[in-house]
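Colleague: no sequence on this one, just coordinates:
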């Protein structure tokens, strides 16, 4: 899981497709000291355990006042978020630059 420290308060996490995706989510700690952009550009599928881990990360981040923005979702992955109504719980952006701009505007 490549981590890119964009600034002192923003980290970009470039996720890979499974099986690495699952390992990345298990290893990733939302307490990185700032806001997080999760780049899904290389992810083609998410399963229920991935979604559960994302929900846990969201809860942990919210408790610490950290924003998490998901970006670069494929049509299939976006459809999963829509079908499970998780599109209402997360912040989304089209790509990494737009996600970073969203965080900077806040």
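Modeller: Perfect, I can see it now. Every value quoted in this text rests on a predicted model; they were computed, and no experiment measured them.
Colleague: count of neighbours near residue 53?
Modeller: Using other C-beta atoms under 10 Å, residue 53 is surrounded by 18 other residues. Heads up, the C-betas are built off the backbone N, CA and C, glycines and all.
Colleague: typo on my end, residue 90
Modeller: 16.
Colleague: that one against residue 57, yeah?
Modeller: No: counting by C-beta atoms under 8 Å, residue 90 stays clear of residue 57, with 9.9 Å between them.
Colleague: any common contacting residues for those two?
Modeller: residue 68 (C-beta atoms under 8 Å, 6 or more residues apart in numbering).
Colleague: what about the helices in the protein?
Modeller: Counting by DSSP state H, the chain forms helices over residues 20-27, 48-63, 75-83, 96-105, given from the N-terminal end onward.
Colleague: residues touching residue 71, list them.
Modeller: Taking C-beta under 8 Å, 6+ apart as the criterion, residue 71 is in contact with 37, 38, 39, 40, 41, 92, 93, 94, 95, 96, 98, 99.
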